[in-house]
Every structure is written in C-alpha cells, then in structure tokens.
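Participant: Sequence below, structure please.
(one chain, ligands or ions: 1)
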Amino acid sequence: MTTQGQLFKESPIEKALAYPTFRYMGSKHRLLPWIYEVLKELSFETVLDGFSGSGAVSYLLKSMGKQVTGNDFLHFSYTINKALIENNSSRLTPSDINNILSKNSTSESFITDTFSGIFFTKKDLEFLDSAYWNIENLIPVLKRELALTSLIRACIKKQPRGVFTVSGDLSNYDDGRRDLRLSLEEHFLNQVELFNTIIFDNGKKNISLNSDIFSVPNSTKFDLVYLDPPYVPRSDDNCYVKRYHFLEGLSKYWKNEEIMQETKVKKIKKKYTPFSYKKSAEEAFSKMFDKFKESTIVLSYSSNGYPDLKKLVSILKSCKQEVEVFQKDHKYHFGTHSTAKRSDVKEYLIIGY
Ligand SMILES: C[S@@+](CC[C@H](N)C(=O)[O-])C[C@H]1O[C@@H](n2cnc3c(N)ncnc32)[C@H](O)[C@@H]1O
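Facilitator: Take a look at the predicted model:
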C-alpha cells in the first residue's frame, strides 16, 4: 500500500524542489512551482531546455517524466546537466571518493599557480588540482561529470555570493557563515552526498548538449522547446562568464581557454551572445523562434527585459498561429544581505502553439 507521504514524495514538483540551488543568475528555481502548473497542462513527450543554466528547469522536466535535452553554451552548465539530467544511475561510491581524495602526485598545478592569493586558500587550490586529475580517471564518464559538479558546487558554496568577481581579502563578506569556513574538500564531500541522493532514472534517454542555441541540430524534433535566454543587461555585471569564469574553467581545466592575464581575477574571455545587446536581440528572437517553429515554444521572460512583451509576442506571432501569455509577480534580490534591494518585476511564460 502506498502511504500519503510516499505519494507526496512522488509528485514531480516535490521532486524538483529538492534540486539544489547554484546561486545562478536568472535561475528559475524559485519559479518552478508556477512553471510546473503551466507546463503540466501541455501535451508533450520530448523537450529541449535551450538555455539550461543551473539545470533547475531540466530537472523539473525530468521529474515530470519527459525525455529531456538540456543545452547551454557554457561548459560548466553542460557538466551539471550531464551529471544530474543525462545521468540516470551513476553515483560516486566510497571507493571513488577515496580515489578522488588521494594525493595525485602527477597532477598539474595550474589552479594553484594561477589563483593563489586570488580565490580560496593554497590548500584548497592544491586539493582542486589533485582532485581534478583523479577525477579524469573515473569510469564510467558520467561519474566524472558528477564529481566535477560536486567540485563546482563546493566552490560556489565557499565563494562569497557564489561569484568570482571579488578576490583577495574577503573579510567584509564574512558574516560568520559556516560555508566560508569549511575547506573545499569538506564542501566537496557534502556535495557528493547531496547529489548521490537526487540522481534518479525517469525511464528516458535524456541528453546534455554544449552548443550555441542556433547550432542545436535540427535533426531532432522536440515536441516542446523551453527557452530562457539572458536579458540585455543593465550593467556589465550581468555577464555569465564574468561572474562564473572560475567554474567554467574548472569544468574543463581551462582547456582551450585563454586567461586574460591583465585582469585581477584571471578571467577568461566572455562568450558572445546576440541576446545581450539591444541592437541584435530582436533579430535573435526572430531567428530562434523560426528555428523551433515546428515545436510548441515556451519562452520565459520578464518585464525588465528588452524587447518588451508586446514586441516579443508580435515576433512570436509571425511564426506561430496562437500565442498565450501567463504572468506572475516575482521579486528578484540583488546585492549582498546588507545592501539587498528588491526589484518588482513581472515574470512571463509566453507560449506559441
Ligand atoms: C537566464 S539563464 C538560464 C537559467 C536557467 N533556466 C535556470 O533556471 O538556471 C540564461 C542561460 O543562457 C545561456 N546562453 C546565453 N546565450 C546562449 C546561446 N547563444 N546559446 C546557448 N546558451 C546561451 C547562458 O550561459 C545562461 O546559462
């Protein structure tokens, strides 16, 4: 007999809300209950999450039993998707963990050499170097993605505000939180435990892509495409690579990335996206809707984005017969705790059938 408690646990939204937050800019984690209410009324089996970011929406879709393709042009986002969406069953065992923690005497020391005095302690950086090269030997491959995702979230937890724009003496961010005191190794162990519990098999072959949205292969036809592109920023601070360059580099040990040596925090180059510029955004939406016109299109958008709702609806109407808009009030938080401002915006789900 199934108890009420078990039934509750099995509900897709309950499952989805167990997904950890990655302090990801623009994450839809807090909007998942609303997104679920809207999506559950639509009929679809295969789905693309075209700008998957932290993976929160992909995980909701997976929890709903859909066949999910998650995509993002950032490699660390792709890594998270591999570990938690594509991966239906690989978990890290105590012996995997021992192997990862053992000192790798042949590892490179790029992270320690590059980031000493910038982020974390020397011991933390040495741990990252050694752990990365031990992780390279894990089999099957999805275990590597899972271990890397645990390293990534360990770094997010330890870095104040989870962003890599601030460095050096961070004592003014120290509000006594335990997260700032734990070593990266301790954080890593906590993350492994957490991720091992949220991996599940939804009976579908889910996949993760690391592609520009315009290069997602047209060969796969998705019943539904969920699109959550970045907004034209109000300041340069909105750039994903600027905030998360360390995580992006770590996910691939900075392979094929060039460090901008003159920058204080040793950034890598930002990635161009047409959605971030007023002059290219409208055309980008138009091109993207056209690319996915055979699918039901669900666009996440907000009232502080550019172009505005009216314009977006008219662009979508040029390739879709029927367009419906759902709206929800939402508050975004900006800044540190002491200076936090709230901004009232309306969140939209714009659906083209
Ligand atoms: C608003 S965030 C998505 C947030 C996500 N829905 C979540 O809940 O975490 C936008 C994402 O779009 C990605 N991105 C920006 N331009 C892109 C492009 N041209 N192709 C693919 N991904 C892109 C960024 O890396 C970022 O992760």
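
Participant: what residues does the lengthiest helix in the chain touch?
Facilitator: In the chain, with assignment by DSSP state H, the single longest helix is helix 141-158. Outside of helix 141-158, the residues within contact range by CB atoms under 8 Å, 6 or more residues apart in numbering are 20, 22-23, 76, 79-80, 82-84, 86-87, 90-92, 96, 100, 120, 124, 128, 131-132, 135-136, 138, 162, 179-180, 182, 184, 187-188, 190-192, 195, 199, 246-247, 250-251. Quick note: C-beta positions are derived from backbone N, CA and C, even for glycine.

Participant: Show me where the stretch 151-300 of the chain dips below the pLDDT cut-off.
Facilitator: Low-confidence segments of the stretch 151-300 of the chain (pLDDT under 70): 234-237.

Participant: Spell out which parts of it neighbour the ligand.
Facilitator: Within the stretch 151-300 of the chain, the positions near the ligand by CB under 6 Å from any ligand atom are 212-213, 228-230, 240, 273, 275.

Participant: Weed out the non-buried ones from the residues you listed.
Facilitator: 213, 228-230, 240, 273, 275 (16 or more other CB atoms under 10 Å).

Participant: burial count for the nearest residue to residue 114 once chain neighbours are set aside?
Facilitator: Nearest residue to residue 114 in three dimensions, chain neighbours excluded: residue 266, at 5.6 Å (CB to CB, 6 or more residues apart in numbering). Applying other CB atoms under 10 Å, we find 19 residues neighbouring residue 266.

Participant: and residue 266, what is it in contact with?
Facilitator: Going by CB under 8 Å, 6+ apart, the list of residues near residue 266 reads 114-115, 118, 245, 259-260.

Participant: same thing but 10 Å
Facilitator: For residue 266, the contact set (CB atoms under 10 Å, 6 or more residues apart in numbering) comprises 114-115, 118-119, 164, 167, 245-246, 249, 254, 259-260.

Participant: Ok, residue 267 next?
Facilitator: Contacts of residue 267 by CB under 10 Å, 6+ apart are 164-165, 239, 241-243, 245-246, 248-249, 257, 259-261.

Participant: Which of the residues you listed ranks first by neighbour count?
Facilitator: residue 246 (29 neighbours).

Participant: Mind exporting the C-alpha coordinates of stretch 170-180 to PDB?
Facilitator: Once non-C-alpha atoms are left out, stretch 170-180 reads as follows in PDB (Å, rounded to 0.1, in the frame of the first residue of the first chain):
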ATOM      1  CA  LEU A 170      37.100  38.900   1.600                       C
ATOM      2  CA  SER A 171      36.700  39.500   5.300                       C
ATOM      3  CA  ASN A 172      34.000  42.100   4.800                       C
ATOM      4  CA  TYR A 173      31.800  39.400   3.300                       C
ATOM      5  CA  ASP A 174      32.300  37.200   6.400                       C
ATOM      6  CA  ASP A 175      29.000  37.100   8.200                       C
ATOM      7  CA  GLY A 176      30.100  34.100  10.200                       C
ATOM      8  CA  ARG A 177      28.600  31.500   7.900                       C
ATOM      9  CA  ARG A 178      29.900  28.000   8.200                       C
ATOM     10  CA  ASP A 179      30.100  27.700   4.400                       C
ATOM     11  CA  LEU A 180      33.000  30.200   4.400                       C
END
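
Participant: Filter the contacts of helix 141-158 down to the buried ones, PyMOL style.
Facilitator: To isolate the buried ones among those in PyMOL, judged by 16+ other CB under 10 Å, type:
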select buried, resi 20+22+23+76+79+80+82+83+84+86+87+90+92+96+100+120+124+128+131+132+135+138+162+182+184+187+188+191+192+195+199+246+247+250+251
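
Participant: Name the SS class of residue 26, please.
Facilitator: Here residue 26 is recorded as coil under DSSP: H, G, I helix; E, B strand; the rest coil.

Participant: Look up phi and psi at it.
Facilitator: When read as degrees, to the nearest 10, the backbone of residue 26 gives phi 80, psi 10.

Participant: Contacts only, for it.
Facilitator: Counting by CB under 10 Å, 6+ apart, residue 26 has contacts 51, 53-54, 228-231, 238, 240, 300, 302, 332.

Participant: on that earlier part again, buried residues in the longest helix of the chain, which are they?
Facilitator: 142-158.
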